[in-house]
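**Q** Here's a sequence, model it:
(one chain, ligands or ions: 2)
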Amino acid sequence: MSVLAGVRAAIIDLDGTMLDTIPDFHVAINGMRAELGLGPITREQIALMVGKGSENLIRSVLALDWDAARIEAAFASAMDAYQRHYLSINGNHSALYPDVLEGLAALKAQGLRLACVTNKPIAFTTPLLKLKGLDGFFEVVYGGDSLPRKKPDPLPLQTVCADFGLQPAQVVAIGDSSNDAQAARAAGCPVLTVPYGYNHGESVHDIDSDGIVSTLLEAASLIRSHTHH
Ligand SMILES: O=C(O)COP(=O)(O)O
Ligand SMILES: [Mg+2]
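**A** Ligands and ions are numbered 1, 2, ... in the order given. Coordinates of the predicted model:
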């Protein structure tokens, strides 16, 4: 895969790529819904809605029961309740996917610089990375509200490239959804996809990606096989 030949850095997505956070989202969303007088929804429903940041998630969850006007009227208090619930349980129910720590260690050992770019708010992201032992791997971390635009906009990826002083072709993005791939394509970064996360209910095979890798460790091996001389 010659698109990986010049890779010097990797940008790793968080939710659905490093951590299975749906159980955290589930507890926080149902806590918010209870405050609003709404009944609980399932993890499967929530997994279809995660990936495009908190605002999109809250609007999608409330749209199960309410029309647009009612959502707008309650949005600020819903967001406040959601953030309160999420921060109170952040990381308690979520788990690392297999070979994440091993994959990050391998990428680093191969000399790649690492960044984390997530659509999760940075106030959730920073403590979660620390709790799960992931914080030490990344030189740069951007949350969904760290910059003026989030994925699928290319801005967060372009910002990492600039931070590292690298061209987009030298920086591979690794994520679980079409949202990550669209951002990578728009930035000009190669992109690899893990199949175990949340892709808005769509098949990962429909993602415009340079390859599907079963784990981050397999991503490291694939990159190594194309960059090793
Ligand atoms: O919080 C989200 O919307 C998902 O974030 P991600 O970019 O880490 O998948
Ligand atoms: Mg993701």
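**Q** For stretch 86-98, which outside residues touch it?
**A** Here stretch 86-98 makes contact (CB atoms under 8 Å, 6 or more residues apart in numbering) with 17-28, 123-124, 127-128, 131-132, 134, 194, 196, 215-216. For every residue, glycine as well, the C-beta is placed using N, CA and C.
**Q** Kindly state the domain boundaries assigned to this protein.
**A** Using automatic domain parsing, the domain parsing of the chain gives 2-20+94-227, 22-89.
**Q** Narrow the contacts of stretch 86-98 to those that are buried.
**A** Buried residues within the contacts of stretch 86-98, defined by neighbour count using 16 or more other CB atoms under 10 Å: 17-22, 24-28, 124, 128, 132, 134, 194, 215-216.
**Q** check contacts around residue 66.
**A** residue 74.
**Q** That one in helix, strand or coil?
**A** Following DSSP: H, G, I helix; E, B strand; the rest coil, the label given to residue 66 is coil.
**Q** pLDDT value on it, please?
**A** For residue 66, the model assigns a pLDDT of 97.
**Q** before we move on, what about residue 227?
**A** Listed pLDDT for residue 227 reads 89.
**Q** burial count for the closest residue to it other than its chain neighbours?
**A** Residue nearest to residue 227 in three dimensions, not counting chain neighbours: residue 7, with 5.7 Å by CB to CB, 6 or more residues apart in numbering. Residue 7 has 24 neighbours, counted by other CB atoms under 10 Å.
**Q** Point out where the chain drops to low pLDDT.
**A** 1, 228-229 (pLDDT under 70).
**Q** what residues does it put near ligand 2?
**A** The chain comes close to ligand 2 at residues 13, 15-16, 176, as judged by CB under 5 Å from the ion.
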